[in-house]
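Enquirer: The following comprises the amino acid sequence and a computationally predicted model.
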Amino acid sequence: MDHVIPGEEHDRYNSAPATSGWHFGAPVAPARWGIHTIPLPDEVLVHNLEHGYVNVHYNCPDGCDALVAQLSEVVDIATDVGAKVLMSPYPDMDTRIALTAWTVIDKFDDFDDVRIIAFIMAHESSPLAPEANVPR
């Protein structure tokens, strides 16, 4: 997929959150691994996926401190061992949690650490990602 510049229009993504497609190039993207407390543009998130990241997203319009803490713990453990994992809020999803990797998405409502860890282990640095060998 082609790089786009901020403000440039492009076709819609196939999913929300996006799992592939148009994305910003450097220096706008990719985003640093770890926990982000504000939503990131799909164009940034997709660049991370292109590099083999797993993105963990949550949507809690009324707040969900306990869920954010649980997700943060899993993400912290993954990044502590060098995994390319990013977490950020993602408003307007149709579920409370979404996990994305290049062309793969898993969406659900209730925290499930086993499911999240299995997704990270299966898809982080996946050879399906076009630039999976790029270090974090």
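Expert: Noted; the coordinates are in hand.

Enquirer: Show me what the nearest residue to residue 68 once chain neighbours are set aside is bridged to.
Expert: Nearest residue to residue 68, sequence neighbours excluded (C-beta to C-beta, 6 or more residues apart in numbering): residue 58, at 6.3 Å. In short, each C-beta sits where N, CA and C put it, glycine included. Beta bridges link residue 58 to residue 89, residue 97 when assigned by DSSP bridges.

Enquirer: Quick check: residue 58 touching residue 70?
Expert: No: at 9.6 Å, residue 58 does not count as touching residue 70 under the criterion of C-beta atoms under 8 Å.

Enquirer: so how far is the longest helix along the chain off the chain centroid?
Expert: Looking across the chain with DSSP state H, the single longest helix is helix 65-80. Between the centre of helix 65-80 and the centre of its chain there are 14 Å (C-alpha atoms, centre = their mean, to the nearest Å).

Enquirer: which of the residues in that helix are buried?
Expert: Along helix 65-80, these residues count as buried under the neighbour rule (16 or more other C-beta atoms under 10 Å): 67, 68, 70, 71, 72, 74, 75, 78, 79.

Enquirer: Check the model's average confidence along that helix for me.
Expert: Averaging pLDDT along helix 65-80 gives 98.

Enquirer: circling back to that earlier point, out of the buried residues of helix 65-80, what pair is the most spread apart?
Expert: 67 and 79 (18.4 Å; C-beta to C-beta).
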